[in-house]
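What shape does this take:
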Amino acid sequence: MALWDDHDEFLQESSSIRTATSDRKRQYLDDYNDHIATRLKTPEGNFQIWAHILAAIHLPGTDGDRHADIKLNINPQPLEDDDTEYDDTYRITDTRVSVFMAGCVWHYLEPVNKPNARAILLFRGTASRPAQYRDRDGRLNTEPVGYWADGNLIGVASFSYGRIKEGVYQWMKQQTAVGRDITLVGYSLGGCLAMRALEYYATNEQPRWENCKLYAFSAPGLDSITARALTERFNGRYDQLHAYWHVGDPIPVTGCYPRTTTKAYSRFDPDGVGNPGEGGLWNWFKLEPHQLLYISIPEGWGVSIAYPVRDRLDEPNSSNIFRKVVNFVRRLPLGMIGTSIITPFLGAITKARKRFTRRNANDWCGHAH
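Predicted coordinates:
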C-alpha cells in the first residue's frame, strides 16, 4: 500500500511530526509532495490541507542550498500555460512567530518557477499541541498556542493582528511591487487573521488589492466594523472571497462574516449517513465538525469525508441565541482565561524549557525569527 493511502495515517503523522527534527520535517514535506499533492485538483483541495495541516508543523525554511518547497496541483490547468495564476511549486521564504500579546504564526510563500504567479500568505490556526523548532542558536522553541488571539475582547484576533499587521502589510506590498497578486489562506484562527490582513491591505487601497483572493476554512467571524468594511470594499468581487464551514461547528458563528462565496459542508451525506469509521475516541475527534477536512470530491483519498449542503449557506451570520451564547463564552469567560491565565503560564514554561534544553545548532529550522 502506498504511503498515506488511508487519510487517518496522514492525519496521525501530521500530529507527531510537529515535534520532529528539521530534517525529518523536510522528509515529511517531500513525502507530502510525492504522495498527497499529486492527488489534489482544486485550489481549495490544496489550501485546506496547507492551512489545516502544513501550517501547524513549523515547516523548515532555507538552510544553505536546501529549501522547503510545497507542490500545488490544480487539474486541469488552463490551455495556455502563461494563463495559470498559480505556480506548481511554492517556497516557504519565511515563517513568522509572534508570541507577546499576539499568539500568531504565519508563513510567506513565493512562486519558484513562474515569477509572476500569485504569492500566498498562509496563517496557522489555534494549536492545542503547538509545533517545536530550533532557532539559529540551536535552542528549542515552541510555537504559541494562540489562546491570546482567540480571546481578544473586541473580536477574535482584533488586538493580536494589530501586533503583526505592519510586517504582513509590508510583505504584501513587496509582492505586488514585483507584479504578483496575493492569495490569503487560513484555517480557524488563521482564517480570521487572513480576513483581517485582507481588509487592512484593501482598505488602504494598496496596489493590486482588487485582485486578492481569500480562502478561509472553519474561521471565526470578525467584529462587525471590520466585516462591513471588507464587504463594502469587495462589492462586486465576492467570488474572490471563499469561506468554508461545517454544519454544527460552533467556531464560525463567533463574530460576523463579511459577504463571501460561502460553501457549507456536513459529515452526513444527503441520505443522513455519516462518514465511515470504526468508532472510538480518535474516530470521534476526526469527525468533530471543526476538525474535518473538506474532502467531498474524488480528491485526496477518493473518499468523502464531508459532504456539501446547499440550505445552510448563510448560517454563520444568522441571528439566533446559540450564536450569541457562543460569542459571549468565547470573548469573556474562555477569552479572559486564555489571555490572562493560560497564555502567560504556557509562555513561562516555554521560556524555561528553552533555557534548559540542550542546544543543537545543526537542527536549525531555517528561519530567522
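
need the helices for the stretch 101-250 of the chain, in chain order.
Counting by DSSP state H, counting those that start in this stretch, the stretch 101-250 of the chain has helices at residues 147-150, 158-177, 189-203, 224-233.

In a markdown table: the ones you listed, plus mean pLDDT, mean neighbour count and distance to residue 368.
Backbone N, C-alpha and C define where each C-beta goes, glycine included. Formatted as a markdown table, the helices of the stretch 101-250 of the chain follow (pLDDT from 0 to 100; neighbours: other Cβ atoms under 10 Å; distance: least, Cβ to Cβ, whole Å):
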| stretch | mean pLDDT | mean neighbour count | distance to residue 368 |
| --- | --- | --- | --- |
| helix 147-150 | 70 | 28 | 22 |
| helix 158-177 | 93 | 18 | 12 |
| helix 189-203 | 95 | 26 | 21 |
| helix 224-233 | 92 | 17 | 30 |
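
so what pLDDT did the nearest residue in space to residue 266 that is not next to it in sequence get?
Excluding its sequence neighbours, the residue lying closest to residue 266 (Cβ to Cβ, 6 or more residues apart in numbering) is residue 247, at 4.5 Å. For residue 247, the model assigns a pLDDT of 82.

where's residue 247 relative to residue 306, distance?
9 Å (Cβ to Cβ, to the nearest Å).

Need the overlap of contacts for the two.
265, 266 (Cβ atoms under 8 Å, 6 or more residues apart in numbering).

Between these two, which is the more surrounded one?
Each of residue 247 and residue 306 has its neighbours counted (other Cβ atoms under 10 Å); residue 306 has more, 22 against 17.

Run a quick neighbour tally on residue 38.
Residue 38 has 12 nearby residues by other Cβ under 10 Å.

for the stretch 201-350 of the chain, which spans come out with low pLDDT?
Filtered on pLDDT under 70, the stretch 201-350 of the chain yields the residue ranges 269-287, 295-304, 311-350.

ok, now with 90
Residues of the stretch 201-350 of the chain meeting the criterion pLDDT under 90: 205-207, 220-224, 245-350.

What ranges does it have for its strands?
Listed in chain order, the strands of the stretch 201-350 of the chain (DSSP state E, counting those that start in this stretch) span 213-217, 241-246, 261-266, 307-309.

With mean neighbour count and distance to residue 56 as added columns, please give these in JSON lines.
Shown next, in JSON lines, are the strands of the stretch 201-350 of the chain (neighbours: other Cβ atoms under 10 Å; distance: least, Cβ to Cβ, whole Å):
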{"stretch": "strand 213-217", "mean neighbour count": "27", "distance to residue 56": "13"}
{"stretch": "strand 241-246", "mean neighbour count": "23", "distance to residue 56": "17"}
{"stretch": "strand 261-266", "mean neighbour count": "20", "distance to residue 56": "20"}
{"stretch": "strand 307-309", "mean neighbour count": "17", "distance to residue 56": "25"}
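
any chance of those in a markdown table, plus distance to residue 179?
A markdown table is the format used below for these (distance: least, Cβ to Cβ, whole Å):
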| stretch | distance to residue 179 |
| --- | --- |
| strand 213-217 | 16 |
| strand 241-246 | 22 |
| strand 261-266 | 26 |
| strand 307-309 | 35 |
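
So for residue 16, which of the helices of the stretch 101-250 of the chain sits nearest?
Nearest to residue 16 among those is helix 189-203; the distance by Cβ to Cβ comes to 21.0 Å.

So which other helices or strands are in contact with the closest one?
Under the contact criterion of 3 or more Cβ pairs under 8 Å, 6 or more residues apart in numbering; DSSP states H and E, helix 189-203 touches strand 104-111, strand 119-123, helix 147-150, helix 158-177, strand 182-187, strand 213-217, helix 224-233.

right, so of the helices of the stretch 101-250 of the chain, which gets closest to residue 90?
helix 158-177 (12.3 Å).

Just the residues contacting the closest one, thanks.
96, 98, 100-104, 106, 108, 110, 119, 121, 148-149, 152-153, 182, 193, 196-197, 200-201, 204, 206-208, 223, 226.

One more pass at 6 Å, please.
98, 101-102, 104, 108, 119, 149, 152, 182, 193, 196-197, 200-201, 206-208, 223 (Cβ atoms under 6 Å, 6 or more residues apart in numbering).

Now do that helix against strand 104-111, angle only.
Per axes from the mean of the first three to the mean of the last three Cα atoms, to 10 degrees, the angle that helix 158-177 makes with strand 104-111 is 10 degrees.

circling back to that earlier point, adding distance to residue 34, write the helices and strands packed on helix 189-203 out as CSV.
Putting the helices and strands packed on helix 189-203 into CSV (distance: least, Cβ to Cβ, whole Å) gives the following:
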stretch, distance to residue 34
strand 104-111, 19
strand 119-123, 21
helix 147-150, 34
helix 158-177, 28
strand 182-187, 22
strand 213-217, 24
helix 224-233, 38
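
of all the ones you listed, which lies closest to residue 364?
Closest among the helices and strands packed on helix 189-203, using Cβ to Cβ: strand 104-111, at 17.0 Å.
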